[in-house]
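# Here is my input, please return the structure:
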Amino acid sequence: MNEIKGLVFDLDGVITDTAERHYLAWKRIANRLGIAIDREWNERLKGISRTESLELILAEKPDCLLDAEEKEQLLKEKNAHYLELIAEITAADILPGIPELLEEAKSGGYRMAIASASKNAPLILERLGLSAVFEAVVDPESLKHNKPHPEIFERAAQAFGLETHACIGFEDSLAGIEGIKRAGMPAVAIGIPVFGEWLPDIEVAATKDLKLEEIVREVTMKERVEG
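Here you go, the predicted model:
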């Protein structure tokens, strides 16, 4: 049986909620292209890369044909606007329950990493005052595959020198849960109402419901029963 030694967190929707800022930045781009998206539609962009997000938006208008250079320019504009929007992020924007969870993890000697599709993760962590908390931040630009591929979670475990089974992954997207499970990690789902093929080991409605001791105990017991 594997002892849990590492914790791997998504960033957006788990540590802090930058979804609204992402939405506003993407909506600005979509409006320029004559494409209508709303907050409900924006849920499709959770957990996927910037490039994939743009392709999903463009798919709403098949006659909007852009070359690689034009797409790259839109990606740069989106990110520039997003950076303006996150400039005011502070520790007050850390989601409820997360400061307590991170403190409990630190006291328990757990190693912690960020596995986020966001290229701005280091900047956001700095603004939140959490840079020193996480031992590793996986660089999404170094990956060959995006979520739901397990690569980002495997890389996080490798940063600790641990097997994936010795880590727990925390996610708020279906793509993220699939990636965690495919990596062989126990998965904690936060605020996901409906699941498909890939089921988490633990579900909570919101970050305030995360209790690390209970999570580790439940994961360990489940592994004992299944093993």
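# So what touches the longest helix along the chain?
Ranked by number of residues, the top helix in the chain under DSSP state H is helix 68-85. For helix 68-85, contacts defined as Cβ atoms under 8 Å, 6 or more residues apart in numbering pick out 21-22, 24-26, 28-29, 50-51, 54, 58, 66, 119-120, 123. In short, each C-beta sits where N, CA and C put it, glycine included.
# Quick one: residues contacting residue 34.
Shown in contact with residue 34 (Cβ under 8 Å, 6+ apart): 61, 64.
# same question, residue 44
Contacts for residue 44 (Cβ under 8 Å, 6+ apart) come out as residue 56.
# Try it again at 10 Å.
Residue 44 makes contact with 37, 52, 53, 56, 57, according to Cβ atoms under 10 Å, 6 or more residues apart in numbering.
# So how do I select the buried members of the residues you listed in PyMOL?
Selection of buried members from these for PyMOL, criterion 16 or more other Cβ atoms under 10 Å:
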select buried, resi 37+52+53+57
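# The contacts of residue 44: which two are farthest apart?
Using Cβ to Cβ, the contacts of residue 44 span at most 14.6 Å, a distance reached by 37 and 52.
# List the ones among the contacts of residue 44 that fall in helices.
Residues of those located in helices (DSSP H): 52, 53, 56, 57.
# The first one - nearest residue in space that isn't next to it in sequence?
Right, residue 52. In space, and not counting its chain neighbours, residue 52 is closest to residue 146: 6.4 Å by Cβ to Cβ, 6 or more residues apart in numbering.
# right, and that neighbour touches residue 48 too?
Yes: between residue 146 and residue 48 there is a contact under Cβ atoms under 10 Å: 6.3 Å.
# Which residues are in contact with each of the two?
Residues touching both residue 146 and residue 48 (Cβ under 10 Å, 6+ apart): 117, 175.
# Check the secondary structure at the most far-flung residue of the chain relative to its centre for me.
Most distant from the centre of the chain: residue 63, at 31.7 Å, with distances by Cα atoms, centre = their mean. Look at residue 63: counting by DSSP: H, G, I helix; E, B strand; the rest coil, its state is coil.
# shift numbering so it begins at 26
In the new numbering, first residue 26, that becomes residue 88.
# mind checking how far it is from residue 237?
50 Å (Cβ to Cβ, to the nearest Å).
# do the same with residue 208
Taking Cβ to Cβ, one finds residue 208 at 20 Å from residue 237.
# Tell me which of those two has more neighbours.
Using other Cβ atoms under 10 Å, the more surrounded residue of residue 208 and residue 237 is residue 208, with 23 against 20.
# Tell me where this protein has helices.
For the chain, applying DSSP H gives helices covering 44-58, 64-67, 75-83, 93-110, 123-132, 146-153, 176-185, 199-208, 237-251.
# The ones you listed into CSV, with extra columns for distance to residue 31 and mean pLDDT?
Shown next, in CSV, are the helices of the chain (distance: least, Cβ to Cβ, whole Å; pLDDT from 0 to 100):
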stretch, distance to residue 31, mean pLDDT
helix 44-58, 26, 92
helix 64-67, 31, 91
helix 75-83, 27, 93
helix 93-110, 29, 94
helix 123-132, 10, 98
helix 146-153, 17, 95
helix 176-185, 5, 97
helix 199-208, 12, 96
helix 237-251, 11, 90
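# Now render those as CSV, adding distance to residue 219.
CSV is the format used below for these (distance: least, Cβ to Cβ, whole Å):
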stretch, distance to residue 219
helix 44-58, 18
helix 64-67, 14
helix 75-83, 19
helix 93-110, 28
helix 123-132, 24
helix 146-153, 27
helix 176-185, 22
helix 199-208, 8
helix 237-251, 21
